[in-house]
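Undergrad: Give me a model of this one.
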Amino acid sequence: MADLIEEAKRAAAKVAVETHYPKDARWVGIGSGTTVVYVVEAINALGVDTSATKYVPTGYQSKQLIVNAGLTAVEFDGVPPGTVLDVAFDGADEVDEDLNCIKGGGACLFQEKIVAMQAKQFICVADHRKLQPRLLSNWKTIPIEVAPIAAHRVILKLKELGSENPTIRASGSAKEGPLKTDQGFFIIDAPFPPLLIKSDIAAGKEGNGKDNVWAVEVLARKIRDIAGVLEVGIFSGLTGPQATAAGGIGGERPVAAYFGMADGSVSVRKAE
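TA: Next comes the predicted model:
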């Protein structure tokens, strides 16, 4: 089964890169996680000249992938002001029918979000297990990056919003205490019931938190507004092209998501 999942990730990455990697790419965002290994592999397999291309990682792991593949890595704060990335490829922990995503299982959510929002388009690559009708169907918690000094205050506020037993994510060693992100922040994993999507709202359901029923963007905004929160691992709202049409740049919701299926095929979902 594990081998089949890895092959599904590889297949999705190959199709996504072949479809969306720009011919004359100059700036490319590279996300974090197990699927992105195959994204970098697929970029090298294209056989294109990458000597003038800079790859922007979302964390330590993705930077090592870029460097080990013989590509040029540039940290996000080293990107010239005003530069817009041609494309950003990343994985997800869960994706709903509207292409909203939960990310942060690998603790890189803040950098993943700022890279996605600096790109013309964000392309999500995952295996079929990640596609669910609604967020928090299979992946049960929302990762939230918080300042250590504010962690317990944030937990209290999350409980007020309806989260049962939000917890600070532990590192691999009890001796080291809580896991720390590349920013030196903590991750709080906050359980909530499955989140409503646009069709639920259109059908008359309310997502304002009453009875702990939330719409994706409403809950994301409520969590982001808590003092001490750096970023929330819900990626929703505008896609890159929608943000551009509105006069901005970059969007945190993918314009397309590629899922490697159990039968070896690749399923493509595109944002409206």
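Undergrad: hey, where'd the helices end up in the stretch 1-150 of the chain?
TA: 2-20, 36-45, 60-68, 109-116 (DSSP state H, counting those that start in this stretch).
Undergrad: Give me the phi and psi for G91.
TA: With angles defined as degrees, to the nearest 10, G91 sits at phi -100, psi -170.
Undergrad: my guess is it meets Y38, correct?
TA: No - contact criterion Cβ atoms under 8 Å: G91 and Y38 do not qualify, at 9.6 Å. C-beta: built from backbone N, CA, C; applies to glycine.
Undergrad: which one of these two has more residues nearby?
TA: Neighbour totals were compared for G91 and Y38, and G91 leads with 28 against 25 (other Cβ atoms under 10 Å).
Undergrad: measure that one to G207 for me?
TA: Going from G91 to G207 by Cβ to Cβ, to the nearest Å gives 26 Å.
Undergrad: just V74 next, same as before
TA: 39 Å.
Undergrad: and if you look at F76?
TA: Relative to G207, and taking Cβ to Cβ, F76 is found at 32 Å.
Undergrad: Next: E252.
TA: As judged by Cβ to Cβ, E252 and G207 stand 19 Å apart.
Undergrad: Settle it for me: which of these two has more neighbours?
TA: A count of neighbours by other Cβ under 10 Å puts E252 above the other of E252 and G207, at 23 against 18.
Undergrad: How about the more buried one: what's its closest non-neighbour residue?
TA: With Cβ to Cβ, 6 or more residues apart in numbering as the criterion, E252 has its nearest non-adjacent residue at 4.4 Å, and that residue is F235.
Undergrad: Figure out how far stretch 26-38 is from the centre of its chain.
TA: Remark: stretch 26-38 is offset 11 Å from the chain centroid, using Cα atoms, centre = their mean, to the nearest Å.
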